[in-house]
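Q: sequence and computational prediction follow.
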Amino acid sequence: MTKDLARQNELKPMALCEPCQGIQRNWRKAPGHAELVQRGNRKEDRDHGEVTITRYVCDRCGTAWEYENDKSNQKAGWSVVGR
């Protein structure tokens, strides 16, 4: 019975808290919110060079976010990566 409940919870869409819902995704320089806690960063290679990707977790709803700081791509920025 608990396995069925766990599976149902996995299939539900993620519920974002109100501040997370307000984050503009895929737009460089868009602000996050005050309850995002930084969890580390990494460098990744792109065609034009190296970019920094910083991981955050929301203290309120537990959503994991990444922010890609790619100065040559205006559509980089915030993206949800899970829980």
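A: On my side now, so go ahead. Numbering: from 1, shown residues only.
Q: apart from its neighbours in sequence, what residue is nearest the residue most central in space within the chain?
A: Closest to where the C-alpha atoms of the chain average out (Cα atoms, centre = their mean) is Trp65, at 1.6 Å. In space, and not counting its chain neighbours, Trp65 is closest to Tyr56: 4.5 Å by Cβ to Cβ, 6 or more residues apart in numbering. The way it works is simple: take the backbone N, C-alpha and C, and place the C-beta from them, glycine included.
Q: tell me how many other residues surround the one you found.
A: By other Cβ atoms under 10 Å, the residues close to Tyr56 number 22.
Q: my guess is Thr52 contacts Gly40. True?
A: No - between Thr52 and Gly40 there is no contact under Cβ atoms under 8 Å: 10.9 Å.
Q: higher neighbour count, these two?
A: Taking neighbours as other Cβ under 10 Å, Thr52 and Gly40 compare with Thr52 leading, 12 against 8.
Q: so what pLDDT did the closest residue to the more buried one other than its chain neighbours get?
A: In this structure, Thr52 finds its nearest non-sequential neighbour in Asn69, 4.9 Å apart by Cβ to Cβ, 6+ apart. Note for Asn69: predicted pLDDT of 93.
Q: wasn't Ala76 part of a helix?
A: No - with DSSP: H, G, I helix; E, B strand; the rest coil as the criterion, Ala76 is located in coil rather than a helix.
Q: residue contacts, it?
A: Applying Cβ atoms under 8 Å, 6 or more residues apart in numbering to Ala76 gives the contacts Asn26, Arg28, Val51, Glu68, Asn69, Asp70.
Q: how much space between it and Glu66?
A: 10 Å (Cβ to Cβ, to the nearest Å).
Q: look up how far Arg25 lies from Thr52.
A: Counting by Cβ to Cβ - Thr52 and Arg25 are separated by 18 Å.
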